[in-house]
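Engineer: Sequence unavailable; structure follows:
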């Protein structure tokens, strides 16, 4: 029998090390998806992940999938694609559209998808200045993108989508370039899968990830955070 902690009105979570090994990383259930609770979760290496009709489930898997921005290398084929199609890439220009596009793509690799409750919660997190999107455009049409949460100088990637070949990879490529320009060293991918592995995702132990998360806390002030995530164009396109 699985013995899980039920989350109540208190924003505190049990230590991530208490997560189950089967299913890997399941830590707690219940609570809500308020901005304060989500920030508490991400700051402690925990994230929500559940299907429509289920209670809110909280996870912290071991090992953890991450991308170290200094180790990211774009493939020759992707660079060739970018040169050929020269897409426009922006930050935070269409968060609502990105998360809704992501929510329509089943996460068959991990067995769940973005629920309507999660969409609304991350929109509120975006309005509060903690959730961000990268958009890829072709002829003023949104063709791909990604979104995630930025805490403790770590970008916690949540989901990505493509309506044209390589569009999500283009979004990720420019995200890494942008983060690197601000000396942001870590992208949390939660759990590795073949697509993320193709983008440079590696696995580290949960304990190492939690240590990095703690070390990165408050590395930059609010002013720099505002500069990182100000609405801007990363690639002008043609």
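Structural biologist: Cool, the structure landed. This is a predicted model, so every value here is computed, not measured. Numbering: from 1, shown residues only.

Engineer: end-to-end on stretch 87-104?
Structural biologist: 23 Å (Cα to Cα, to the nearest Å).

Engineer: For that stretch, which residues meet the burial criterion?
Structural biologist: Across stretch 87-104, burial judged by 16 or more other Cβ atoms under 10 Å covers 87-95, 98-99, 101-103. For glycine as for every other residue, the C-beta is placed from the backbone atoms N, C-alpha and C.

Engineer: Give me the secondary structure label for residue 80.
Structural biologist: When classified by DSSP: H, G, I helix; E, B strand; the rest coil, residue 80 comes out as helix.

Engineer: Please tell me how far it sits from residue 236.
Structural biologist: Going from residue 80 to residue 236 by Cβ to Cβ, to the nearest Å gives 19 Å.

Engineer: any idea which of the buried residues of stretch 87-104 is closest to residue 50?
Structural biologist: residue 103 (13.4 Å; Cβ to Cβ).

Engineer: rewinding a little: got CSV for the buried residues of stretch 87-104, with secondary structure and distance to residue 213 too?
Structural biologist: Formatted as CSV, the buried residues of stretch 87-104 follow (DSSP: H, G, I helix; E, B strand; the rest coil; distance: Cβ to Cβ, whole Å):
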residue, secondary structure, distance to residue 213
87, coil, 32
88, strand, 33
89, strand, 27
90, strand, 28
91, strand, 23
92, coil, 23
93, coil, 28
94, coil, 28
95, helix, 24
98, helix, 24
99, helix, 23
101, helix, 28
102, helix, 23
103, helix, 26
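
Engineer: tell me which of those is nearest to residue 205?
Structural biologist: Of the buried residues of stretch 87-104, the one sitting nearest to residue 205 (Cβ to Cβ) turns out to be residue 102, at 28.0 Å.

Engineer: Isn't the closest one up against residue 162?
Structural biologist: No: taking contacts as Cβ atoms under 8 Å, residue 102 lies outside contact range of residue 162: 10.3 Å.
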